[in-house]
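Q: sequence first, predicted coordinates after that:
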Amino acid sequence: MDIVFVRQLELQAIVGIHDWERENPQPLVMDLEMAADASRAAASDRIQDALDYHAVSKRITAYVAESRFQLLETLAEGCAEVLLREFRVSWLRLVLHKPQAVDNAASVGVIIERGRRHQ
Ligand SMILES: Nc1nc2c(c(=O)[nH]1)N=C([C@H](O)[C@@H](O)CO)CN2
C-alpha cells in the first residue's frame, strides 16, 4: 500500500471542555497518513490521478477552523469523515496534537485509524 502524508500541519481551533478554551482558537498540529495509489499517479504524471496533499491540507485547515467541538476525539473523527468521503481515501491514520493542553508535556492528543488498510 502506498501512502501520501502530511506532517506537522499547523491548525487553529476552538476546542476543549473549559470555558477559557471556548473563547479563542488555540494551536493544534496534525500528522496524516493516507492510502493512495502512487503507481497510478506516477504512470500518468497527472495531479488528477494523485491524492493531492495540498488540497487535503487546505480542506482540513478550513474544517478545523470552523469546528467547535469539546473533545479532540470528535474533531479527529470529523476530519477522518471528510477525508473518507470527499477525497475517497480508503484508509487513514491521523495524529492530532494539542501542544498547549498540559503544561508539563510536550504534547498530548489522539491517534485514530479509519478505513481498511490493504496490502
Ligand atoms: N481524551 C481527551 N482528554 C481530554 C480532552 C480531550 O479532548 N480528549 N480535553 C481536555 C481539555 O479540553 C484539555 O485540553 C485542557 O484541560 C482534557 N482531557
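A: Received, thanks.
Q: give me the pLDDT for His118.
A: On the pLDDT scale, His118 is placed at 77.
Q: that one contacts Asp2, doesn't it?
A: No. Assessed by C-beta atoms under 8 Å, His118 is found out of contact with Asp2, at 10.7 Å. From N, CA and C alone the C-beta is placed, and that goes for glycine too.
Q: of these two, who's got more company?
A: Neighbour totals were compared for His118 and Asp2, and Asp2 leads with 13 against 8 (other C-beta atoms under 10 Å).
Q: isn't Gly78 up against Tyr63?
A: Yes. At 6.8 Å, Gly78 counts as touching Tyr63 under the criterion of C-beta under 8 Å.
Q: any low-confidence regions in this protein?
A: 119 (pLDDT under 70).
Q: mutual contacts of His118 and Asp2, please.
A: Counting by C-beta atoms under 8 Å, 6 or more residues apart in numbering, the contacts common to His118 and Asp2 are Ala35.
Q: buried ones in stretch 99-119?
A: Using 16 or more other C-beta atoms under 10 Å as the test for burial, stretch 99-119 gives Ala101, Gly109, Val110, Arg114.
Q: near the ligand too, which of the residues you listed?
A: The overlap between the buried residues of stretch 99-119 and the neighbours of the ligand (C-beta under 6 Å from any ligand atom) comes to Ala101.
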